[in-house]
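Enquirer: Quick one, fold the following:
(chains A and B)
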Amino acid sequence: MMNRLFAPLALVVAAMFAYAPIMIANAPYESTMGLIQKIFYFHVPAALTFFLAAFVCGVASAIYLFGRRPSADRVALAAAELTVLLGVIVLISGPLWARKAWGIWWDWDARLTSTLVLWLTFQAYLLLRRYGGPGSDRLGAGVAIFGMCNVPFVYWSVEFWRTLHPKTSVLPTLQPGMRGPFWFCVVAFVGLFVVLLAARTRLEQRRAELEQLYLAVEGE
Amino acid sequence: MGEYRKIVGKCVRAAMMCCALLAGPAAPSIAAQPPPRTTAAQDGFVPVDTLPPEDRLPAAPLLVAAYSVAWVAIMIYIWSLWRRLSRVEREMAALGQRAGEPDRRGARH
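Expert: Prediction:
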């Protein structure tokens, strides 16, 4: 089913990403931050999808660890790579906004530090999978579950600890003019995640098939 | 009455000594404190073009940089994914050919 849906979904996501700048440009300016606030329309959807990717990786890893399903491991590996990609977008666009809004690039506060730790956890997962040798799939699954458990702490860190970062209450109180472009970008990022997850999982599946083929050829 | 005066005198002296002991170390730190800071908008208005360059930070380049980073990161990832997928497909085709060769050779002989 995903094979049939892949091309139309990829086209829809590409069209959404092409149209997103127009919607963002037409969104109203925020009173205190002005133009720089418009980073929000990519930064926050990327951050939410970053959390989603970490969550998918953790759940797939748990299924692999306890259910021994190789397909779940392939999904986990794909989701981990996307977590790192989305983390790069979040960790670069955030400081670009902070430079103007706060006057500093970075602050070691709870939200920023925990986000960096989450990104490093999934970077560690990928390094482990690449260079860990035999057994790294199960060890990696444990790391991914640990990373997934970190997600709620990162999300609610702005409520638990004193931080410079805007609070989670920003989203439910968004003005109608800002709400449309914001949710449009959220859907675009989630769509992009689904498309890339499907493509990356397929790559891993083809690699597994190639390995089987090598074994079959060498066995002859 | 004389006894009363003596007690009051002792109390006053003790209070003065306490004040001297407390004020002694605190005096330099009070003197060293900077005057309270006031913002430019409290003392008078400063036009933005008279600010030093480090305080004048345009938003547009930062905004463009943020969106460019997102686009470039996504594009690089899609390109790397396509390259890895096509390499695997090529390898599979080559292996399939290699596996089929002995049969074809066998059929020719």
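
Enquirer: Okay, now the unreliable bits of chain A?
Expert: Applying pLDDT under 70 to chain A flags residues A:1-2, A:220.

Enquirer: Find the nearest non-adjacent residue to the residue nearest in space to the middle of it, please.
Expert: When Cα atoms, centre = their mean is applied to chain A, the residue found nearest the centroid is residue A:50 (2.3 Å). Residue nearest to residue A:50 in three dimensions, not counting chain neighbours: residue A:86, with 3.9 Å by Cβ to Cβ, 6 or more residues apart in numbering or on different chains. From N, CA and C alone the C-beta is placed, and that goes for glycine too.

Enquirer: wait, that neighbour sits on residue A:49?
Expert: Yes: counting by Cβ atoms under 8 Å, residue A:86 touches residue A:49, with 5.3 Å between them.

Enquirer: Looking at the two now, which is surrounded by more residues?
Expert: The neighbour count for residue A:86 versus residue A:49, taken as other Cβ atoms under 10 Å in any protein chain shown, is higher for residue A:86 (30 against 25).

Enquirer: Got the phi and psi for the more buried one?
Expert: phi -70, psi -30 (degrees, to the nearest 10).

Enquirer: How about the contacts made by it?
Expert: Residue A:86 is in contact with A:46, A:47, A:49, A:50, A:53, A:189, A:193, counting by Cβ atoms under 8 Å, 6 or more residues apart in numbering or on different chains.

Enquirer: In three-state terms, label the fourth one for me.
Expert: Which is residue A:50. helix (DSSP: H, G, I helix; E, B strand; the rest coil).

Enquirer: now do the last one
Expert: Judged by three-state DSSP, the three-state class of residue A:193 is helix.

Enquirer: before we move on, the earlier item: show me which pair in the contacts of residue A:86 is furthest apart.
Expert: A:47 and A:193 (12.3 Å; Cβ to Cβ).

Enquirer: The closest residue to residue A:191 other than its chain neighbours and residue A:139: what is the separation?
Expert: Closest residue to residue A:191 apart from its sequence neighbours, by Cβ to Cβ, 6+ apart: residue A:13 at 4.1 Å. For residue A:13, the distance to residue A:139 (Cβ to Cβ, to the nearest Å) stands at 33 Å.

Enquirer: So for the two, which sits in the more crowded spot?
Expert: residue A:13 (20 against 14).

Enquirer: in a helix, that's where residue A:163 is, yeah?
Expert: No: counting by three-state DSSP, residue A:163 is not found in a helix; it is coil.

Enquirer: Could you count how many residues lie near it?
Expert: Counted with other Cβ under 10 Å, residue A:163 comes out at 17.

Enquirer: I figured it was touching residue A:113, is that so?
Expert: No: between residue A:163 and residue A:113 there is no contact under Cβ under 8 Å: 9.4 Å.

Enquirer: related to what we said a few turns ago, how much space between the residue nearest to the centre of chain A and residue A:213?
Expert: 35 Å.

Enquirer: Next: residue A:72.
Expert: From residue A:72 to residue A:213 the distance is 22 Å (Cβ to Cβ).

Enquirer: So for these two, which residue has more residues nearby?
Expert: When residue A:72 is set against residue A:213 and neighbours are counted by other Cβ under 10 Å, the residue ahead is residue A:72, at 19 against 16.
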